[in-house]
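Peer 1: Please work out how this folds:
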Amino acid sequence: QVQLVESGGGLVQAGGSLRLSCAASRSINAMGWYRQAPGKQREWVATVTSGTITSGGGLITYADSVKGRFTISRDNAKNTVYLQMNSLKPEDTAVYYCNAGYAGKFYWGQGTQVTVSS
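Peer 2: From the prediction side, this is the model:
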């Protein structure tokens, strides 16, 4: 079992920034973020793998819609992944979910609301 606890959502004006956090109950290789806007399907946002102990980093990929504006990162010591969201747009409004795969299963956080006003 893996528990994921998210935080950091809120209301922000267009052009503003927010930082989301997701703490996992154990070490996970690949963690990522998805989002679901009202009336739409859940969509992938970004993923980061744990990388190597010496590098501290990992493979990072982004959806085209957020490239250049969002930055995913992780703190392996804290089993936590972050999503720094800059230059936010009204179309970024959604519930953001943390995602992790472990032992053949996918786990989701409870979701955190991000609302961007125009």
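Peer 1: Identify each buried residue in the lengthiest strand in the chain, please.
Peer 2: Counting by DSSP state E, the longest strand found in the chain is strand 94-102. By neighbour count, with 16 or more other Cβ atoms under 10 Å as the criterion, the buried positions of strand 94-102 are 94-100, 102. C-beta here means a position set from N, CA and C on the backbone, and glycine is covered the same way.
Peer 1: now, which of these sits nearest residue 117?
Peer 2: Minimum distance to residue 117 across those is 13.7 Å, recorded for residue 94 (Cβ to Cβ).
Peer 1: who touches that closest one in this structure?
Peer 2: Listed by Cβ atoms under 8 Å, 6 or more residues apart in numbering, the contact partners of residue 94 are 35-38, 40, 114.
Peer 1: Please apply the same query to residue 99.
Peer 2: If a contact means Cβ under 8 Å, 6+ apart, then residue 99 has 4, 31-34, 106-109 as its contacts.
Peer 1: Just give the nearest non-adjacent residue to it, would you?
Peer 2: Nearest in space to residue 99, with sequence neighbours left out and distances taken as Cβ to Cβ, 6 or more residues apart in numbering, is residue 32 at 4.9 Å.
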